[in-house]
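> requesting a structural model of the entry that follows:
(3 chains)
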Amino acid sequence: MELLRRLCQAFGPSGNEGKIREIIKNEVKPYADEITQDTLGNLIVRKKGTGKKIMLSAHMDEVGIIVTVIDDKNYIHFSNIGGVKPETLHSSKVEFENGAVGVVYKKVEKPSKLADFYIDSFDACKGDKPYSVKVGDVGVMRGAFDVFGDFISSKALDDRVGCYILIETLKQISGSENDLYFVFSVQEELGLRGAKTAAAGISPDYAIAVDVTTCDDFPGGGKYPLKLGEGPAIKIKDNSIMCHPIIKKHLSDVAQKHNIKVQYEVLDVGGTDAGAIHTSGAGVATGAISIPTRYIHTPCETVSISDVKGAINLLTKACMEVL
Amino acid sequence: MLKSLCNAFGVSGCENDVRDLIANEMQSLCDSIETDSMGNLICYKKGVGDSRRKIMLSAHMDEVGLIITDITNEGYLRFKTVGGIDPRVLIAKKVVIGINKVPGVIGDKPPHLNDDKADKAPKIKDLYIDIGAKDKEDAKNYVNLGDYVAFDSQYVEFGGNLIKAKALDDRVGCYVLIELAKNTYFHDIYFVFTVQEEVGCRGGAIAAYQVKPDIAIVVEGTTCSDVAGSTEDGFSTKLRHGAALSIMDRGSYSDIGLRNALYNTATAHNINVQFKQTTFGGNDASVIHLSETGVRTAVISVPCRYIHSPSNVACIDDINSCKDILDKFLTKEAALWSF
Amino acid sequence: MEDLMKLCSFEGISGFEFEIGNKVCNMLRQHCDFVDTDVLGNVVGVIGKGRGKKIMIEAHLDEIGLMVKNIDDKGFISFVKIGGINPATLPAAEVFIHGKEKVFGVIGSKPPHLQTEEESKKNYKTDEMYIDAGFSREELLGKIQIGDAITFVSKPVRLQNEKMASKSIDNRMGIWCLIECAKRLKGKDLPYELVFLAAVQEEVGLRGAKVASYSINPDAAIVIDVTHGISPYTESSSNAFPLGCGVAVGVGPNLHPSLSKALIDTAKKHEIPHVIEVCAGNSGTDAWAIQITKKGIPCALVSVPLRYMHTQVETVCMSDIEAVASTICSTIEEGMEC
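Numbering: from 1, shown residues only, chains lettered A, B, ... in the order given. Predicted coordinates for the structure are as follows:
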C-alpha cells in the first residue's frame, strides 16, 4: 500500500498532473515496452502484444481549487476545479503546489456556494516571497492516508486507486497476447478530457476504465445497492455510457471463472473516462471496473483494500485472456 | 474596420455578411481562403521561417441574437434567443430581421397591466417583436419563420477611448486577426473565423479538425464586471488593464506553457496584460484543445462590459494590447517555441 | 400502419439494440445492396456504393425505457430511467424485464391512502416506485439481474382518423421511413450513394450517430425524428404542431440552410403538407452530433408531430409519416446540392 499512499498524497489537481505522472513513470519503467506522453499530458504505457488493442484508463487528476483573486488584505478568493463540495471545504485546509497551506472559511452565516468562502493563507501575497501564492495557482484539500482494518481513507483515492490498480496489473501481466495500453489520463474531473484525446491517438479495439464510484452504504444513504468490501463493481451504466455487452460479459465471465467476488453498478449520475472513450472515432467497445467509494470528492474518500485487490485480480485476468 | 465589423449582421447560423466583409479584407493578405460546409472562413498565410509549424488563431464571427418562431394573428412576431441573452436587456430595444433587415421593436406587457408583478423579470415567451404589420398575412410579406434577428445598435466612440457596439464579442477578435494578417510571421498561420460559437462552439470543432494545428490561440471578447455594485472577486477582468489571458474556464484549461509565454511576451514589451480572474464561461478553446489527439491551446480576450446585450463596451487600448501581444509573440517568441 | 405497428412492438432501449438491430438489418437488406453493423450496434444499409456524393438518411433505433437498479429482500425491483422519462407517467405502467427470460411486471408505489396529505399532492419520484413482478427475491435471482433492460408493454392501438398510439413511435416511425425510402429509391438511377443509418443510443446522448457518421462521413445527412404535437395544454407560442399538418422541416443553426430550403421547395412543388420547425440552437436530435463530425456534415431535419412524447401512448397521424417519406424521396430524386 506504500505506492498507493504516495500516489494519493501527491499533488495533482486537474491540469496539473505532472507530479503524479513522474511517480507513475518511475514505477512502470521496468515493466513497460513503451512510455509516451501526449499533447494534453496523458501518460501512455504500452505492453506490446500481437493481438487486439486494449486501452485501460485511470485518471491521474484530483479535484481542487484555483485562486482567482487575492484581495487587498491578502485573502484568497477561489473557484473550483471539478466537483468539490462547498460543505466539505468549510474549515478544512488546502495545500498549494509549493507547499503553502491555507484555511478555508465562510464569508456568510449560511454558505451555499463556493463564492461564499475564502482562503486565509499566510503565504498569500501579491509579492514575490519564496512561498507566495499567486492568481492562477491551484490547490487541493489536505487529507491524510489512514489505514484501519480493511479500509483506507485519504484524499484523491479518486482516482489514484485506479492508477494503482493499473500499475499493479501491469506488474503482474506476462505473456498476454493482447496489445495493452495503460493510459493514465488527465483532466477527467473537468469533463473526461484526457481520455478523449488519448483514445483518438490509440484507436483501441476495446477499452476498460478503472475509476471510483459512489457507495452510500452509510447512515442516511442506501440509494444505491453497492457495499464496501463486497468486491469491485462491473459497471453497467452511468450518465456517460451504456457499457458494451462484450466487456460486461468478459468481466463477468472472468470473475466467475476465477472466483472473484464482484458487484454490479447501475448509476443514474456521473461519468468516467469510459464515456469519452466509447464514442471515440468509429466507436470502441468499452466497459469499466468501479471501486465502491464512500465520501467521494472529500478529503476522506474511503475504499476497501479487499475491493482494490479484487479489482487488480479481475483486471489482470481480464487482460490475460483474449477478447 | 472594427466599426463595419460590429455593425454587420451575423447571428449564429447566419454569418454571411460578416464573412463576406472579412473575406474581402483577407483576400489580399493571405495565400489561400476557404469557406467550409458550416461557413467557417479559414485563411492560410505561409510563414517565412525554415522549420515552420501550424499556428491557428481563431475568432468567432457570430453574435447572439434572436430567431423568429411564430407570427401571431395580429402580426406580432414571437421569437427565441440564439445564444445566451438575459431577457431583461431585450425590453424596448430596436432590432433588424432577416436578410432584408426589416426593422422592429421589442415589446413587453405594459407594467400597468402587469398587476403586482411589475418588478418580475420577463420571460422570452412574454416578449414579442412589432414590425408594424397589420396582421399575420401582412407580416408574412416581410418575414419568414426562421429569420434571424440582430440588435440594431450602432458603433459609437465615447468616454475616454471607449467604444460601444453590439457584437464586440467577438468582432474585436475578428478585427485583431485581420490586423495581424497584415504582417508575415515565422510560422504558417491559419486565421480562422468561426461560426456558431454562441450556440455551443460548433464551428470551432470542425475548423480545428480541418486545420490540425500544432498550437492554437483563441482571440475573444470576454466578460468584464468591474462596475458599480460588483466586488473585486467578481470582476473577471478590468477595463483599461490590457488583454486578459484565461487560466481556466468551464470549457478548457489553457496550456500553461503557452499561457505563460503570452504573459511573458506582454511584460517583456511593457504591454498591459491581465489574467481573467473567474472561471465562468467557455469558448472555442473548449473544442479546439480536444480536437483529435489534442491541441495546445490558450485564450486571449478583450474585456467587454455588458456582453451579450445590444450595448457592449470595450476600450481601444485593450484591443491594441491584444493585437500587440499576439504580434510580438508571433514575431519573436513563437519562432523559438519548442513544439 | 401494420408495418409501423410491428416496428413499435420491437424492443430495444438505448444500449440494448442488438436484437432489434438484427431485425431491422433483415428488413433493410430487402432493399439495400448490402447492410452492415458496427461495434456499438448501428445498422447501416447502402444503395449504389461509389455512385457519387454520399447522402445519409438517418433515424434512431433505440427507445426510452428503464433498467434494474436493485432487487430488494421482498422481490421488489428498483429501477433507473434510460432516456428522458417523466416519472409521473410511470405509476401502474406494465413492463417487461429482459433477463435470462422475459419477466412481466407492473410499476407500483406507496398506495395513496397510506400517504400523508402532503405526500399525496405530489407526483411519485423514480426512487419511490418499484416493479412488482410477483416473485420472491430468490425466484427473481434465477431470472433477472442488476443491469437488465426494461421496456414498456403497450400494444399499438388505432385511433380515429388515421391516428395511432403506441410505445416507441419515437423513433420507430423514423425507422419505418428509413425502410420506406430505401424501398422507393432502390432501382432508381440516382447520382448519389445512399446510406441508411439506424443509429443506437440517441436517447442517452446522440452517441450512435456520432460514431457512425464518423465512419460513414457522408456529404449530407437527412435526419428523421419526432417533434411535439399540439395537445390541449401546449401553448400556441411553444414550438408544437397539430397532428395531420404534414412534415415539419427544421430550420436554424443546426441545419444547413440550402438543404432545409430544398426540402421545403420540394414539399411545396409536390403539394406535400408541411410546416416549418424553428430550432434556435440544439435541435435535440442526432443532427446535433452529425453536423460537427470531422470536417462538418450539412444536415437537414424532418420531423413528425407526436403527442405525449416519451410515454407509453405516443400518438401520431399516419399521413404525417407518409409526408416525411415522400418529401425525402422526392427531394433526393429531384437532385440535391451537397
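> for the rest of this, base every contact and every neighbour count on C-alpha atoms.
Will do.
> run a quick neighbour tally on C:Asn161.
By the other Cα atoms under 10 Å in any protein chain shown criterion, the neighbourhood of C:Asn161 contains 10 residues.
> what are the phi and psi angles of it?
phi 60, psi 50 (degrees, to the nearest 10).
> how is B:Phe193 assigned, secondary-structure-wise?
At B:Phe193, secondary structure determined by DSSP: H, G, I helix; E, B strand; the rest coil is strand.
> interface residues of the stretch 201-339 of chain B facing chain C?
Applying Cα under 8 Å from any Cα of the partner chain, one finds that the stretch 201-339 of chain B approaches chain C through B:Arg202, B:Gly203, B:Ala205, B:Ile206, B:Ala207, B:Tyr209, B:Gln210.
> 6 Å - rerun?
Counting by Cα under 6 Å from any Cα of the partner chain, the residues of the stretch 201-339 of chain B close to chain C are B:Ile206, B:Tyr209, B:Gln210.
> can you pull the contacts of the first one?
What it means is B:Ile206. If you count contacts by Cα atoms under 6 Å, 6 or more residues apart in numbering or on different chains, B:Ile206 has them with C:Ile292, C:Lys294, C:Lys295, C:Gly296.
> roughly how far apart are the second one and B:Ser51?
When Cα to Cα, to the nearest Å is applied, the distance between C:Lys294 and B:Ser51 equals 28 Å.
> neighbour count for these two, which is higher?
When C:Lys294 and B:Ser51 are compared for neighbours, C:Lys294 comes out ahead with 21 against 10, by other Cα under 10 Å.
> mind listing what that one touches?
Contacts of C:Lys294 by Cα under 6 Å, 6+ apart are B:Ile206.
> distance check, it against C:Asp219.
Look at C:Lys294 and C:Asp219: by Cα to Cα, they are 11 Å apart.
> tell me which residue is most central in the chain.
By default, I'm working from chain A. Per Cα atoms, centre = their mean, the C-alpha nearest to the average position across chain A is that of A:Asp159, at 1.8 Å.
> look at chain C instead
To find the centre residue of chain C, average its C-alpha atoms and take the closest one (Cα atoms, centre = their mean): that gives C:Asn171, at 2.1 Å.
> low pLDDT regions in chain B?
Per-residue confidence of chain B (counting by pLDDT under 70) places the weak regions at B:111, B:114-118.
> how about the helices in it?
Taking DSSP state H, the helices of chain B run over residues B:2-7, B:16-26, B:136-140, B:168-180, B:202-211, B:256-268, B:285-288, B:316-328, B:334-336.
> quick one, which of those helices gets closest to A:Lys248.
helix B:285-288 (30.8 Å; Cα to Cα).
> so what touches the closest one?
Judged by Cα under 6 Å, 6+ apart, the contacts made with helix B:285-288 from elsewhere in the structure are B:Ala205, B:Ala208, B:Gly251, B:Ser252.
> of these, grab the buried ones for PyMOL.
Buried members of the contacts of helix B:285-288, identified by 16 or more other Cα atoms under 10 Å in any protein chain shown, are gathered into one PyMOL selection as follows:
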select buried, chain B and resi 205+208+251+252
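> what is the nearest of the contacts of helix B:285-288 to C:Lys125?
Using Cα to Cα, B:Gly251 comes nearest to C:Lys125 of the contacts of helix B:285-288, at 32.6 Å.
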